[in-house]
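Visitor: Coordinates for the following, if possible.
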Amino acid sequence: MSAFGINFSFIENNPDSDLLALFNIKDGQGMNDFGCEVRGSGIIRQLQIEGTTLNLSIGHSEEGISFDFNFHYDVSDAARANELLEGQAVANKVMAYRMLSEIYHLEVEE
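Guide: Here you go, the predicted model:
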């Protein structure tokens, strides 16, 4: 074992104009002019936060806007992965909730 991740996914079915504005990509008109129908778009970021690598993917489709959080950990063995899983799973969930709230102004419904 060399790595593992803790993952959380969320979807906003009724995004407001601020969220939709994230996907105003400059080549959209060119795609339309070329005859393409854009059915979905995505933003992928690799972030370093509080000593952890966070791979954040935000996708836009007909269903809404999805947020996929992958907290990535490099480990040397399964025992270390288990330690991190027990210690970090709740903290990572709290971090995802905070990011959704503070950056995107979304509240998670349980």
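Visitor: drop to CA atoms for contacts and neighbour counts, all remaining ones
Guide: OK.
Visitor: any idea how far Asn24 is from Asp33?
Guide: Separation of Asn24 from Asp33 (CA to CA, to the nearest Å) stands at 16 Å.
Visitor: pretty sure Asn92 is touching Phe71, no?
Guide: Yes: using CA atoms under 8 Å, Asn92 is in contact with Phe71, at 7.1 Å.
Visitor: between those two, what contacts are shared?
Guide: Counting by CA atoms under 8 Å, 6 or more residues apart in numbering, the common neighbours of Asn92 and Phe71 are Ile6.
Visitor: quick one: which of the two has more around it?
Guide: Per other CA atoms under 10 Å, whichever of Asn92 and Phe71 has more neighbours is Phe71, with 24 against 20.
Visitor: SS state for that one?
Guide: Here Phe71 is recorded as strand under DSSP: H, G, I helix; E, B strand; the rest coil.
Visitor: all strands for the chain, in order.
Guide: Using DSSP state E, the strands found in the chain span residues 3-12, 41-49, 52-61, 64-74.
Visitor: Quick one: these as a markdown table, columns for distance to Arg98 and mean pLDDT too.
Guide: Converted to a markdown table, the strands of the chain look like this (distance: least, CA to CA, whole Å; pLDDT from 0 to 100):
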| stretch | distance to Arg98 | mean pLDDT |
| --- | --- | --- |
| strand 3-12 | 13 | 94 |
| strand 41-49 | 12 | 97 |
| strand 52-61 | 14 | 96 |
| strand 64-74 | 12 | 95 |
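Visitor: which stretch among these comes nearest Leu106?
Guide: strand 3-12 (8.3 Å; CA to CA).
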